[in-house]
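J.: Predicted coordinates and the sequence they were generated for:
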Amino acid sequence: METQAVDQNDAPIRILLVDDHAILRQGLSLMLNEEDDFEVVGDVGNGKAALELTLELHPEIVLLDIFLGTSNGLDVAKQLLRSCPETRIVLFSGFEDEELLLDAIRIGVHGYLQKKLSIEELQSALRAVHQGERVLGDPQAVTLVLKEFHQMTKVQKRLQFKLNTTEIEMVRLASEGFTNKEIGTRVYWSEVQVKRKMQDIYRKLEVTDRAQAVAEAMRHGLI
């Protein structure tokens, strides 16, 4: 007798809810379970139980409150990412905090969602995470991450060319048409010192004059 293969794509997305508010967990569980493609396999109110149940049940997604009473959801997320690498971790926050968002992204969570989302938006975000996407549920969060990425890129480029903060400022002033004497006034150096330092900058940027230095700095996003 032939055994018919089960289509894994028809299997619901298995979710573990972690929040210290029982009413919220129950409400989310009811709303998610109403959809055929979701199955809430458990709900817990603290980090210790979250780790234990994730190891036991192997859910595909853990929807994790960023504040769990006296526990820090970021610390719980770190433990889950280390111990359960196949499970996708989505942080759920009722606060708009830039540092929390950036910290969450740095540790490698798969999503960062605001509790103000509608259930339809939450469901769409969870489906996207299940498909392998990294999801931010707020357009402002995307803007913040892009800004942070831009800053990181500038730092990397600065390190690549071995330019310090003063040298970057000197190139910026040069791009605005300041003379060596005027630049010296700004950075508290003599005109001769500025001229020598500009030669150092040309060498680091592998150019021969001020215009090329400005162009190269702009091309690499240094100014």
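T.: It's in.
J.: quick one: low-confidence ranges for this protein?
T.: 1-9, 138-159 (pLDDT under 70).
J.: what do you get if the cut-off is 50, keeping everything else the same?
T.: 1-7 (pLDDT under 50).
J.: Would you check how far apart the most centrally placed residue in it and K197 are?
T.: Nearest residue to the geometric centre of the chain (CA atoms, centre = their mean): I105, 3.0 Å. Applying CB to CB, to the nearest Å, the value for I105 to K197 is 37 Å. (Each C-beta comes from the backbone N, C-alpha and C, glycine too.)
J.: Next: A125.
T.: Where K197 is concerned, A125 sits at a distance of 50 Å (CB to CB).
J.: More neighbours: these two, which one.
T.: A125 (21 against 18; other CB atoms under 10 Å).
J.: contacting residues for that one?
T.: The contact partners of A125, by CB atoms under 8 Å, 6 or more residues apart in numbering, come to V90, G111, L113, L117, V135, G137.
J.: Okay, and it sits in which element?
T.: Using DSSP states H and E, A125 sits within helix 119-130.
J.: which parts of stretch 214-223 are buried?
T.: Going by neighbour count (16 or more other CB atoms under 10 Å), the buried part of stretch 214-223 is V214, E216, A217, H220, L222, I223.
J.: Look up phi and psi at S83.
T.: With angles defined as degrees, to the nearest 10, S83 sits at phi -90, psi -30.
J.: how about the strands in the chain?
T.: All strands of the chain, identified by DSSP state E, fall at 13-18, 38-44, 61-65, 67-68, 71-72, 88-93, 111-114, 135-136.
J.: Include distance to K204 when you put the ones you listed into a markdown table, please.
T.: Formatted as a markdown table, the strands of the chain follow (distance: least, CB to CB, whole Å):
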| stretch | distance to K204 |
| --- | --- |
| strand 13-18 | 50 |
| strand 38-44 | 55 |
| strand 61-65 | 45 |
| strand 67-68 | 46 |
| strand 71-72 | 42 |
| strand 88-93 | 41 |
| strand 111-114 | 38 |
| strand 135-136 | 37 |
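J.: hang on, L80 packs against P59?
T.: No: with contact defined as CB atoms under 8 Å, L80 does not reach P59; the gap is 10.2 Å.
J.: Report the spatially nearest residue to Y202, omitting neighbours in sequence.
T.: What sits nearest to Y202 in space, not counting adjacent residues and going by CB to CB, 6 or more residues apart in numbering, is A213, at 5.6 Å.
J.: Kindly provide the distance from the one you found to L163.
T.: According to CB to CB, A213 and L163 sit 10 Å apart.
J.: between these two, what contacts are shared?
T.: Listed as contacting both A213 and L163 by CB under 8 Å, 6+ apart are V171, I201, L205.
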